[in-house]
Structures are given as C-alpha cells and as structure tokens.
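> Sequence first, predicted model second:
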Amino acid sequence: MLNPIGLSMQEMGRVMASPATMDQGIYLAHDLDSNQYFVLDRLNNSDQQPFEFETFDEAYSFAKIRERTTMEKQQEKKVSPAEIERFATSRKSQQILKDGTKDIDSMERLVNQVSPVISYGRVNSLLLSQAHGEQDFMTKQAWTRNQGLQDVNFDQLNGVKVFVPNPKQQGQPVTFGVGKMYSANELAAKYPAKSPQVQAMASQRNLMKQASQNERVGAMVGSLRELQVPKPAWVWSKNQIHAIQTHISRHMAFASVGLTDTPFHFNQTERQVMANLKPDELKEMFSKSMGLASKINRTANRQLYQMKNQQRTINQPVQAKPKER
C-alpha cells in the first residue's frame with residue numbers, strides 16, 4: 001500500500017491532480033528545495049492535501065500508521081453480519097456468567113435460573129436462563145415437525161437467541177451459528193388452542209418427560225455412579241471447593257429432570273468458604289459445576305434410552321418357529 005519512497009514534488013503533484021479513483025495509495029515525497037517531507041494519503045479517496053514533516057523518520061512513521069489504520073478499517077468491513085451476531089451472542093452469555101457470579105447471592109440465583117435448562121449445554125443454558133423460567137425450548141424447524149404447528153407465525157414470538165447447528169455439509173465438521181429457540185410456554189400462551197400439540201411435541205422431544213419418576217431416579221442414580229460423582233459430604237474434608245461444585249452440579253442435574261423443585265441454597269458452612277473467593281474464582285467454580293451437571297444430564301438420558309430399549313426388547317412377542325415337516 002505504501003508506494004516506493006523518493007517521489008519528486010513534480011510526481012507528487014501529478015498524483016494529486018489525478019482523479020480520486022486513480023493512483024490510490026499512500027505517497028511519500030521529498031522536496032529538495034525546502035528539505036521537507038510530504039505524505040499524501042489517497043487510500044479510500046481520503047485526504048487530498050499532503051501532510052508535511054521535517055524528517056524522513058517522522059514522515060515514514062506517519063505513512064505506516066495511516067496504512068495500518070486503513071487495513072484495520074478494511075478488515076472490520078469484511079466481518080460478516082453473522083460473525084458480528086455470533087460475537088455479540090457469545091459476549092452476552094459471558095456477561096450473564098460474570099454478573100451471576102459477582103457474589104454468593106447472585107450465584108445462588110443463577111443456579112436456580114440455569115438448572116431447568118442445563119440440558120442445552122453451558123453457553124445456551126446461560127442464554128436461556130434469562131427467559132424467566134420458561135422451559136422446553138426448540139427451534140422453529142423442530143416445532144413445525146408437528147403438522148398442527150406449521151401455521152404458527154414465529155415472527156410474532158420473542159424466542160431466545162442461542163447457538164444452533166448450521167445445515168450439515170457432507171464431509172465437513174458441524175458448525176454453529178446464531179438462531180432462535182422458542183419455549184413451550186411462549187407458544188402455548190400465544191396460541192392457547194394449540195396447547196395440546198405444543199405439550200405433545202415437548203414430551204415427544206424430551207425422553208425424560210415421557211419417563212416415570214422411578215425411571216428418572218434410576219437413570220440419574222446410574223449416571224452419578226457411572227461418572228463417580230460423590231455426595232458433597234463425602235469429599236468435604238478433602239476438598240471443600242470440589243464439594244461445593246458437586247452440590248451445585250447435583251442440584252442442577254436433578255432439577256433439570258424434574259426430580260426437585262426446591263430452590264437451591266448454599267448452607268452457612270459453604271458460604272463461609274466462598275466468602276474468601278474472588279469473583280473470578282466463583283465464576284470458575286460455577287463454570288465447572290455447569291459442565292459436570294450437563295454431563296450428568298447427558299449420561300442419564302443415555303441410560304434412560306438404553307433402559308427403554310431393553311424394555312421394548314423384553315416385551316416383544318416371541319415368534320414361534322414353523323414346525324418342520
């Protein structure tokens with residue numbers, strides 16, 4: 001971008017006289033009569049008058065700064081709206097986490113907000129936690145698989161911006177973009193007559209909703225055993241931070257499948273330990289707890305799925321073999 005140094009003032013004048021769309025670049029010239037240096041910025045049709053400097057070093061440094069600034073602006077222009085939206089959505093989830101872990105009381109509230117939606121993953125659960133207790137979120141594409149919901153005008157719904165998989169390209173890894181998820185609560189409130197279809201679809205897409213309480217308990221206990229997640233009291237004497245994280249994770253996991261509706265609270269002993277932690281340490285504790293809770297939830301769903309498959313296999317009638325003649 002920076003043109004060769006050593007233009008004469010006559011050559012600089014020719015550049016200045018040319019149309020703005022021509023000779024785009026940054027030009028540096030030396031006036032032998034006055035021993036002054038001049039920088040002309042013709043990038044992006046910018047300044048038409050040259051800048052004057054006493055020394056070559058000053059002029060050259062200024063020219064490089066102008067060049068670098070222009071390149072940065074061009075790179076900003078190249079950022080797509082989708083990339084900007086991804087960045088903004090990611091920043092929003094980070095801000096929710098930061099605000100929710102600034103102190104112990106805030107963290108306690110965030111545990112209760114995230115618990116019902118922890119099955120959506122760490123980032124999306126933070127974003128969905130701000131939807132005032134709404135549950136059973138799905139994309140428009142998922143909801144409209146039910147024929148009774150295909151005439152719903154989703155543009156009239158608020159929804160929540162989250163990260164969703166982009167259409168799969170054969171042979172390519174899965175990528176994510178920003179899309180909207182809509183809760184069963186919002187759909188049923190906007191279209192009361194369609195509430196039965198909404199609830200049926202929510203149940204169909206959530207294996208835990210179809211299961212009895214005993215089945216959910218069995219799946220959750222099996223998950224905790226498989227992942228070797230201890231009860232907080234078992235590890236308190238060895239690692240109090242780990243014990244508190246386990247307390248949070250277990251509550252989130254059980255609340256996510258409807259096995260507890262009791263609000264989460266730290267006990268006094270836990271609060272005394274956490275009082276010595278900085279906000280960044282509280283944030284790390286919460287992030288690790290979310291990760292474990294999400295893993296417990298996924299493992300429990302897998303165990304329930306396997307349990308249901310085994311039951312179907314057992315209940316299938318055995319076909320009698322035809323008699324040999």
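That came in fine, so what should we check first? Numbering: from 1, shown residues only.

> what pairs with Gln162 across the strands?
For the record, residue 162 is Val, not Gln. Gly179 (DSSP bridges).

> Mind pulling the model confidence for it?
For Val162, the pLDDT comes out at 95.

> Phi first, then psi, for Gln36.
When read as degrees, to the nearest 10, the backbone of Gln36 gives phi -110, psi 160.

> On the three-state scheme, the closest residue to it other than its chain neighbours is what?
Spatial nearest neighbour of Gln36, excluding adjacent residues (CB to CB, 6 or more residues apart in numbering): Glu52 at 5.6 Å. Placement of C-beta: from N, CA and C, glycine included. State at Glu52, reduced to three classes by DSSP: H, G, I helix; E, B strand; the rest coil: strand.

> can you pull the pLDDT of Glu52?
81.

> How about the one 4 residues further on?
Looking at Phe56, its pLDDT is 77.

> where's the closest residue to Trp236 other than its chain neighbours, which helix or strand?
Computed as CB to CB, 6+ apart, the closest residue to Trp236 that is not its neighbour in sequence is Ala243, at 4.4 Å. Element membership for Ala243 (DSSP states H and E) is helix 240-256.

> ok, and for that helix, which residues are buried?
Within helix 240-256, the residues that qualify as buried are 240-241, 243-256, counting by 16 or more other CB atoms under 10 Å.

> same question, stretch 37-45
So stretch 37-45, judged by 16+ other CB under 10 Å, has buried residues Tyr37, Phe38, Val39, Leu40, Asp41, Arg42, Leu43.

> now stretch 155-171
Across stretch 155-171, burial judged by 16+ other CB under 10 Å covers Leu157, Gly159, Val160, Lys161, Val162, Phe163.

> any idea of the pLDDT on the closest residue in space to the second one that isn't next to it in sequence?
Closest residue to Gly159 in three dimensions, ignoring its sequence neighbours and counting by CB to CB, 6+ apart: Lys180, at 3.6 Å. Confidence per residue is given as pLDDT, and for Lys180 that number is 95.

> any idea how far Lys180 lies from Gln170?
Distance of Lys180 to Gln170, given as CB to CB, to the nearest Å: 26 Å.

> do Val273 as well
For Val273, the distance to Gln170 - CB to CB - is 51 Å.

> Phe266 now?
Taking CB to CB, one finds Phe266 at 49 Å from Gln170.

> Tell me where the stretch 101-250 of the chain has helices.
104-114, 122-128, 140-143, 184-190, 195-204, 207-210, 213-227, 232-235, 240-256 (DSSP state H, counting those that start in this stretch).

> Neighbours of the nearest residue to Gln113 once chain neighbours are set aside, how many?
Counting by CB to CB, 6+ apart, Ser129 is the residue found nearest to Gln113 once chain neighbours are left out, at 3.9 Å. Number of residues near Ser129 (other CB atoms under 10 Å) recorded here: 26.

> just checking, Ser129 touches Leu110?
Yes. If you go by CB atoms under 8 Å, Ser129 and Leu110 touch, sitting 7.0 Å apart.

> Touching both of those two, which residues are there?
Residues touching both Ser129 and Leu110 (CB atoms under 8 Å, 6 or more residues apart in numbering): Ile96.

> hmm, back to that, wait, what's in contact with the residue nearest to Gln113?
Neighbour list for Ser129: Ile96, Leu110, Gln113, Val114, Val117 [criterion: CB under 8 Å, 6+ apart].
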